Each structure stands twice: as C-alpha cells, then as structure tokens.
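Engineer: Can you look at this prediction? I've put the sequence above it.
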Amino acid sequence: MKLLIVTAVDAERDAVLRGLSGTVHDVYTVGVGPAAAAAGTARLLALAEAAGTRYDGVVNAGIAGGLAGRADIGDVVVGTASISAELGVRTDDGFTPLGKLGFGSAVAECSLRLAAGVTGARGEILTLATITGSAQRVDELAESYPHALAEAMEGFGAATAAARVRLPFTEIRAISNAVGDRDASGWNWQAAFDALTKAAGELR
Ligand SMILES: O=C(O)c1cccc(C(=O)CC[C@H]2O[C@@H](n3cnc4c(=O)[nH]cnc43)[C@H](O)[C@@H]2O)c1
C-alpha cells in the first residue's frame, strides 16, 4: 500500500518521516488551513496522476487541539470523520451545517482501514479555518459535536481533494494543546510530535 501523507507544516512532516523510515509512502507539507490543504493535496494528486504514480489512500497527519475530557495532550486521535465545523449558515438562531441545507456535506467519512494499525482513540475530528480561542466557543463545539475528540485546521480540505479522485482518506492527529487554551505554557509540542512519529510508524 502506498499512501500520500500531507501535513500543514514542515515540523509535522519531519515527525512523520522519523516514524516512517524505510516505507514507500510519500510525505509533503501543504500549508495551514483547509484551503491550503485542499489546494495542496489536489495539486499533489494531479501531479502523481500525470507521472503515473498510484496512491492507495490519502492521510492528513499533524498536531491538534484536544477537546477537554475527550483527548489529552500526547494522545493520538484517528478520525472516523473529518468535519468542517464552519461550512454552513450562521443566523441569530445558531449554526446549520451544509448537509442540512441540502447542497453538499460538511462531513468527510474516514477510512478505518487506512489507519488500522495505528494505536489511538477513534472519533470525529473537526476542521476549522479559525482556531478556537474562547471557552464559550469550546462549549458550543462540544455540544454540537458530541463525538468529536479534537480540532485542527486541515482535515476536511485534504479529504475533499481525496474524494475528488475517489481515494480513501483518513486523518491522524496527535494532541499538543487543549482546544481553546491560548496560553502556550500549557501546550506540549514535543509530546505531540513524538506521538505523531509513533503513529506514523504504525501505518502499514
Ligand atoms: O495562537 C493560538 O492560539 C494557537 C492555538 C493552537 C495552535 C496554534 C498553532 O499555531 C498551530 C496550528 C496548526 O496546528 C494544528 N492545531 C494545533 N492545535 C490546534 C487547535 O487547538 N486548534 C486548531 N488547530 C490546531 C492546526 O491543524 C494547524 O496546522 C496556535
């Protein structure tokens, strides 16, 4: 099996590569946020197709914020779905996701098979272009998405590119901080990168 693995930043790519040594997968940095992830992943897939390279799946790997009580710093979360928590309509009455409006979906199902060997909690991973920075918004997200474990910024974008060429997709995240916590003294990038390296080593 040959995977295209995309990360947002080089530090994540390097953590993945440390775990992958000697495997056949390709790992690239595509930038921060869902738009960069979608554009970068789509470009890589188009280049691969032109070169005759065949991938068996796409993986978005990186660090993430964990929702309180659901995922702790240093944990690995494997996506059951990557969900855009912003794609929809917001009115005074609240937020309605795209799927309920009847023209598309904000939910990208993840392939459990692609990450079958990876140790970690299974659950939904939210994608947001805007990092959550208030307790009120954390509570809103936790209530709206009771099965979500973590928040990051790229998964739904990369998943959209993979779906366009009908490739299975999964998202793997290592927790570096609690969602909503903007005090960097409480973050642990190293624990997250080490966990990400271990998870990458467990990919088949
Ligand atoms: O300035 C902040 O408040 C802040 C809070 C958390 C993370 C950052 C980053 O610069 C990392 C963004 C990068 O890492 C992923 N990530 C990590 N933690 C989170 C999070 O709590 N919410 C959303 N994304 C997160 C994300 O995928 C980005 O690629 C800054």
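Structural biologist: Right, received. Where do you want to start? Nothing here was measured: the structure is a model prediction, and the numbers come from that model. Residues are numbered from 1 along each chain as shown.
Engineer: going forward, measure contacts and count neighbours with C-alpha atoms only.
Structural biologist: Noted.
Engineer: Around the ligand, which positions in this structure sit nearby?
Structural biologist: Remark: the part of the chain in contact with the ligand comprises 8, 32, 63-65, 131-132, 151-154, 177, 179, 182, using C-alpha under 6 Å from any ligand atom.
Engineer: Give me the distance between the two termini of stretch 2-19.
Structural biologist: 15 Å (C-alpha to C-alpha, to the nearest Å).
Engineer: ranges for the strands of the protein?
Structural biologist: Along the chain, counting by DSSP state E, strands occupy 3-7, 26-29, 57-66, 76-84, 88-91, 94-97, 107-109, 121-127, 148-152, 169-178.
Engineer: Reformat these as CSV; add mean pLDDT and mean neighbour count.
Structural biologist: Output for these, formatted as CSV (pLDDT from 0 to 100; neighbours: other C-alpha atoms under 10 Å):
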stretch, mean pLDDT, mean neighbour count
strand 3-7, 98, 25
strand 26-29, 98, 18
strand 57-66, 98, 27
strand 76-84, 98, 27
strand 88-91, 97, 12
strand 94-97, 95, 14
strand 107-109, 98, 22
strand 121-127, 98, 24
strand 148-152, 99, 28
strand 169-178, 98, 28
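Engineer: so what's residue 38 up against?
Structural biologist: The contact partners of residue 38, taken as C-alpha atoms under 8 Å, 6 or more residues apart in numbering, are 154, 156, 157, 158, 159, 160, 161.
Engineer: Which residue, other than its chain neighbours, is closest to it?
Structural biologist: Leaving aside its sequence neighbours, residue 38 sits nearest to residue 157 (C-alpha to C-alpha, 6 or more residues apart in numbering; 4.2 Å).
Engineer: Report the contact partners of residue 151.
Structural biologist: 64, 65, 66, 67, 125, 126, 127, 128, 179.
Engineer: Out of these, which is nearest to residue 170?
Structural biologist: residue 125 (10.3 Å; C-alpha to C-alpha).
Engineer: thinking again about what came up before, now the contacts of residue 38 in a markdown table, with pLDDT and neighbour count?
Structural biologist: A markdown table is the format used below for the contacts of residue 38 (pLDDT from 0 to 100; neighbours: other C-alpha under 10 Å):
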| residue | pLDDT | neighbour count |
| --- | --- | --- |
| 154 | 99 | 30 |
| 156 | 98 | 32 |
| 157 | 98 | 26 |
| 158 | 99 | 31 |
| 159 | 98 | 30 |
| 160 | 98 | 23 |
| 161 | 98 | 23 |
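Engineer: re earlier: can you add distance to residue 188 and give the strands of the chain back as TSV?
Structural biologist: TSV is the format used below for these (distance: least, C-alpha to C-alpha, whole Å):
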stretch	distance to residue 188
strand 3-7	18
strand 26-29	21
strand 57-66	10
strand 76-84	13
strand 88-91	32
strand 94-97	32
strand 107-109	28
strand 121-127	19
strand 148-152	15
strand 169-178	5
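Engineer: quick one: residue 126 and residue 146 touch, right?
Structural biologist: No. Residue 126 sits out of contact with residue 146 when judged by C-alpha atoms under 8 Å, with a separation of 11.2 Å.
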